[in-house]
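no sequence on this one, just coordinates:
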């Protein structure tokens, strides 16, 4: 069974490292804004206003991506952020 890990990268991206059969690694990049948008789809209405605000501040460059991801995890939890990251990756892969 291949293992998967999500890592935050500077510059507003997340990276998924996935070990493939034979031990090779595959890396996929996701923008921080895409991660926030995907997270919005994974949570209920109680978090939408906070996530909209976070996305707006990121777009206006009032907050760096690293800080945005930390706040995102504080708002919805790391498990949901990881699930949203995997969903975004699956959308990219098609």
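Received the coordinates, thanks. Given the structure is predicted, the values throughout are model-derived calculations rather than measurements. Numbering: from 1, shown residues only.

Which positions within the helix or strand harbouring residue 82 qualify as buried?
Using DSSP states H and E, residue 82 maps to helix 78-93. Using 16 or more other CB atoms under 10 Å as the test for burial, helix 78-93 gives 80, 81, 82, 83, 84, 85, 86, 88, 89. In this view, the C-beta of every residue, glycine as well, is placed from N, C-alpha and C.

Give the other helices and strands that it contacts.
Using 3 or more CB pairs under 8 Å, 6 or more residues apart in numbering; DSSP states H and E, the elements in contact with helix 78-93 are strand 4-9, strand 13-19, strand 25-31, helix 32-42, helix 65-76.

other SSEs contacting the last one?
The elements that helix 65-76 packs onto, with contact taken as 3+ CB pairs under 8 Å, 6+ apart, are strand 4-9, helix 32-42, helix 48-59, helix 78-93.

Out of those, flag the one nearest residue 70.
The closest of these to residue 70 is strand 4-9. By CB to CB, the value is 8.8 Å.
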